[in-house]
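K.L.:
After the sequence you'll find the predicted model.
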Amino acid sequence: MEDVNVKGEIGDIIFQNKENGYAVFTIFVQSEEITCVGIVPMIHSGESLSVRGNWINHPAYGKQLQVQFYEKFMPTSQAGMEKYLSSGLIKGLGPKTSRKIVERFGDAAFYVIEEKPDLLTEIKGITHEKAQRISQIFREQHELRKVMMFLQGFEVSPAYSMRIYKRYKGRTFDIVKTNPYRLADDVFGIGFKMADKMAANAGIAADDPSRIKSAIKYVLNQAAANGDCFLPKPRLVTEATELLELHPAAVENAIRELQVDSQIWQEKMEDIDVVYLNLYYYEEMAVAKRLLELSVEWEELDFDILEERFQKIEEETGVQLATEQQQAVMEAMSGGVLIITGGPGTGKTTTINTMLRLLEKEDREVVLAAPTGRAAKRMTEATGVEAKTIHRLLGTTFVSEDNKRQVFDKNEDDPIEADVLIIDETSMMDLHLMHALLRAIENGTSVIFVGDMDQLPSVGAGNVLKDMIRSERLRVVRLQHVFRQAQESAIIMNAHRINQGEEPVLNEDGTDFFFIRRAYGQEVLATLQELVKSRLPKFTGRDGLTEMQVLTPMRKGLLGVQSLNQVLQKTLNPPGPNKKEKAFRHITFREGDKVMQIKNNYNIVWRCFSCRGKRTDEGLGVYNGDAGRIQRIDEENETLQVAFDDGKIVDYDFTQLEELELAYAITIHKSQGSEYPVVILPVYSGPPMLMTRNLLYTAVTRARELVVLVGLRETVHGMIANNREIDRYTALAVRIRNLYDFMNAPEVQP
């Protein structure tokens, strides 16, 4: 799209968000008035502005100039100065006083305000205090303008420039010139690559120690984003060397310096040197220590008394527990830490419900929680007891200024009030969330972790559930018996077959598991459209938009998330005269769209309402993987409203839309903790690291009523044969084992 360059005087400011700098305003270019939109913070009528951007067509407001870069110029005419001062820039400075200042000092008015504010007291109505306040606000505006222009010289966008200015204010110049790599640590969204580009523009040497250290932390952070808690040192050195294009010795030296500065941790593990970012090392150690502290507080129970209670519950419910379920309940009643793991149809929910009945009879306070809103909602529906998200249980009400770090209300000083805490879908918990949860559990509280260890690991760093089990030092009950009722479901039986490396049974009469062969990618795509639009709604009575979910292993390619969402949006929610739209980057959001939050936002406000429209609750935080529907697009206030599946209503500013994406198709990883009536899965081709047994198993277990695979039988065979685990560099299992063995080592007699 061709760049447009215009220069003119700012006229009306139609909309301005002071927090993020987004504005809608007009500028006069010769005799023409142009409407502009974009991140242009703290603008005022009367300023001159040079703008570079692209033309866009707004569905309601027509042609607008989308600002990419801009440069401000202070007004030079006395009329422009007067307009600028009376624009609301300085609270309490209205048109009359502004006119007096310009009339009294003429072209030197701005100089007087900034450098000689005492002279303003010559004007009636301006006290010494007011003169100083006018000067201070004026200087702050001038400082911001200089910072924004300075950063644009480094090709930093206005949105990021605003974040940098908020963090450093007047120190921005020195920091960017001397060590822009600080920005990668301090400012959310500024990574090593952006800081490196700024450093090159500032003339900072390629072998500058700050550059090398920043690259090392960048590689470790990227590893954490992929699930790793640490990296083997040789791999870290190799990746950092390639990124920097320097000699490995320079990286080795920087690693040593980072260790001395206590920014990373090095140790030898199974004869391999490994390197952690400090956060993940200390969290692994803390999680291992707290799990063992909580686990020692359990006691043997009188099984005869429990047996009597079992019989009463079985008489009341008509449900008879299998031996392993009884074992799980008995272990749970004895306190401490317990892990219950099992696949679909093995009775995890029945086991939890029995525990709840027994605990209720003992008058013990039980709290239920799960990692996501959807998982908590499922838990509530299955048990009849309210389950909260772990974030909500811990109370995320404060976020640091850079939006990068969350602080929970609940901790060792203000713990969760419960006798027993039951956590479902534990496989979804990453190391950071587990650490926060364990900090908030006081001694004497029983903790029961429930989950399927064969599901995909968490999106965040760690492989917590599997490591807890692998440690062999915590109590674990494995539910393996598939109940007769579950055996009638081909979904459940095929999930177990896949998990054991066996071929699924397909297309039997009366089945809930189908395979449709399609030899070409375009045929798969066309079949997916046909299934969600007509065939499956007719066959199942389920709605293609709200009750079916397309899952795919990949983000890119013809059958990846990005492509599928474009196609399925047209199929299930086409444009209409009564549907408002908002184009953002490569996505067009439309009222009625299925959408998903794709990163944690700890300080966005949500509200819940009753069926009569009365507000029932409110709070902060929407998390990666939360899904919902677009209710309303408000063009006048530049907001987009989403109703999430767990009942939260959230209004997004248009500048926040990078946090959302369409969700007609989602990756299998993002589906964790969710359950859908109908799951449709394209099985065609993809990289071996994605086309795994584990991934297929997870996808199949997301379906409640029907699974449809579309593509090549050979791909299904290949995924089942590819038992490559998602290898992660984690050491929680080792730390639990070592710490337990140390705590329980026999005393050596002197």
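P.N.:
Looks like it came in fine.

K.L.:
ok, for D626, nearest residue in space, not its chain neighbours?
P.N.:
Of all residues not flanking D626 in the chain, Q597 sits nearest, at 4.4 Å (Cβ to Cβ, 6 or more residues apart in numbering). Every C-beta, even on glycine, is put in place using the N, C-alpha and C of the backbone.

K.L.:
Write down the beta-bridge partners of the one you found, one by one.
P.N.:
Beta-bridge pairing for Q597 (DSSP bridges): L660.

K.L.:
right, and it touches E659 too?
P.N.:
Yes - counting by Cβ atoms under 8 Å, E659 is a contact partner of Q597 at 6.0 Å.

K.L.:
Indicate each strand paired with the helix or strand F28 falls within and its parallel or antiparallel sense.
P.N.:
Element membership of F28, judged by DSSP states H and E, is strand 22-29. Paired strands of strand 22-29, with direction, are strand 4-16 (antiparallel), strand 32-39 (antiparallel) (DSSP bridges).

K.L.:
Which one's more surrounded, Q597 and E659?
P.N.:
Comparing Q597 with E659 by other Cβ atoms under 10 Å, the one with more neighbours is Q597, at 23 against 18.

K.L.:
so who does the more buried one touch?
P.N.:
Residues in contact with Q597 (Cβ atoms under 8 Å, 6 or more residues apart in numbering) are V622, Y623, N624, G625, D626, A627, F644, E659, L660.

K.L.:
For the fifth one, grab the count of nearby residues.
P.N.:
This points to D626. Other residues near D626 come to 26 when the count uses other Cβ under 10 Å.

K.L.:
and if you look at the fourth one?
P.N.:
For G625, the count of nearby residues is 25 (other Cβ under 10 Å).

K.L.:
Provide a list of residues in contact with it.
P.N.:
T372, R374, V459, M596, Q597, K670, Q672, G673.

K.L.:
I'd like those as JSON lines, with distance to M81, secondary structure and pLDDT appended.
P.N.:
Output for the contacts of G625, formatted as JSON lines (distance: Cβ to Cβ, whole Å; DSSP: H, G, I helix; E, B strand; the rest coil; pLDDT from 0 to 100):
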{"residue": "T372", "distance to M81": "55", "secondary structure": "coil", "pLDDT": "84"}
{"residue": "R374", "distance to M81": "57", "secondary structure": "helix", "pLDDT": "81"}
{"residue": "V459", "distance to M81": "54", "secondary structure": "coil", "pLDDT": "83"}
{"residue": "M596", "distance to M81": "49", "secondary structure": "strand", "pLDDT": "94"}
{"residue": "Q597", "distance to M81": "46", "secondary structure": "strand", "pLDDT": "92"}
{"residue": "K670", "distance to M81": "54", "secondary structure": "helix", "pLDDT": "88"}
{"residue": "Q672", "distance to M81": "59", "secondary structure": "coil", "pLDDT": "83"}
{"residue": "G673", "distance to M81": "59", "secondary structure": "coil", "pLDDT": "78"}
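
K.L.:
Serialize those residues to a markdown table and add fields for distance to A206.
P.N.:
Below are these laid out as a markdown table (distance: Cβ to Cβ, whole Å):
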| residue | distance to A206 |
| --- | --- |
| T372 | 43 |
| R374 | 47 |
| V459 | 34 |
| M596 | 40 |
| Q597 | 38 |
| K670 | 38 |
| Q672 | 42 |
| G673 | 45 |
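
K.L.:
check contacts around G347.
P.N.:
Neighbouring residues of G347 by Cβ under 8 Å, 6+ apart: L321, A322, Q325, L479, H481, F483.

K.L.:
In strands, which of those fall?
P.N.:
L479 (DSSP state E).

K.L.:
Now, of the contacts of G347, which are buried?
P.N.:
Neighbour counting with 16 or more other Cβ atoms under 10 Å marks L321, A322, Q325, L479 as buried within these.

K.L.:
Would you convert the residues you listed into a markdown table that also reports pLDDT and distance to V678?
P.N.:
Shown next, in a markdown table, are the buried ones among the contacts of G347 (pLDDT from 0 to 100; distance: Cβ to Cβ, whole Å):
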| residue | pLDDT | distance to V678 |
| --- | --- | --- |
| L321 | 82 | 31 |
| A322 | 84 | 30 |
| Q325 | 89 | 29 |
| L479 | 94 | 26 |
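
K.L.:
Check the residues you listed against Y22 and report the nearest one.
P.N.:
For these, the residue nearest Y22 by Cβ to Cβ is L479; the value is 51.7 Å.

K.L.:
re the thing from before, so what sits against both of Q597 and E659?
P.N.:
The contact sets of Q597 and E659 overlap at V622 (Cβ under 8 Å, 6+ apart).

K.L.:
R309 - how many residues pack around it?
P.N.:
For R309, using other Cβ under 10 Å, the count is 16.

K.L.:
List the contacts of V156.
P.N.:
Contact analysis of V156 by Cβ under 8 Å, 6+ apart lists I164, M194, M198.

K.L.:
if I pick the residue nearest the centre of the chain, what's in contact with it?
P.N.:
Compute the mean C-alpha point of the chain, and by Cα atoms, centre = their mean the closest residue is K599, 2.3 Å away. By Cβ under 8 Å, 6+ apart, K599 lies in contact with N624, E659.

K.L.:
circling back: quick check: which of the strands paired with strand 22-29 is nearest to F589?
P.N.:
Between F589 and these, the tightest spacing by Cβ to Cβ is seen for strand 32-39, at 15.9 Å.

K.L.:
picking that back up, could the strands paired with strand 22-29 go into a markdown table alongside mean neighbour count and mean pLDDT?
P.N.:
Formatted as a markdown table, the strands paired with strand 22-29 follow (neighbours: other Cβ atoms under 10 Å; pLDDT from 0 to 100):
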| stretch | mean neighbour count | mean pLDDT |
| --- | --- | --- |
| strand 4-16 | 16 | 86 |
| strand 32-39 | 18 | 89 |
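
K.L.:
Next, format those as a markdown table and append distance to R475.
P.N.:
Shown next, in a markdown table, are those (distance: least, Cβ to Cβ, whole Å):
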| stretch | distance to R475 |
| --- | --- |
| strand 4-16 | 58 |
| strand 32-39 | 54 |
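
K.L.:
Run through the helices of the stretch 151-300 of the chain in chain order.
P.N.:
Ranges of helices within the stretch 151-300 of the chain are 158-168, 172-178, 182-186, 192-201, 209-225, 233-244, 248-260, 278-295, based on DSSP state H, counting those that start in this stretch.

K.L.:
who wins for proximity to Y84 among these?
P.N.:
It's helix 158-168; of those, that one is closest to Y84 (Cβ to Cβ) at 19.9 Å.

K.L.:
Export the closest one to CSV, keeping only CA atoms.
P.N.:
This file holds the C-alpha atoms of helix 158-168, laid out as CSV (Å, rounded to 0.1, in the frame of the first residue of the first chain):
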residue,chain,number,x,y,z
PRO,A,158,4.2,5.6,18.2
ALA,A,159,2.6,2.9,20.2
TYR,A,160,5.9,1.5,21.5
SER,A,161,7.3,5.1,21.9
MET,A,162,4.4,5.8,24.3
ARG,A,163,5.2,2.7,26.4
ILE,A,164,8.9,3.7,26.5
TYR,A,165,8.1,7.3,27.5
LYS,A,166,5.8,6.1,30.3
ARG,A,167,8.6,3.9,31.7
TYR,A,168,11.5,6.3,31.5
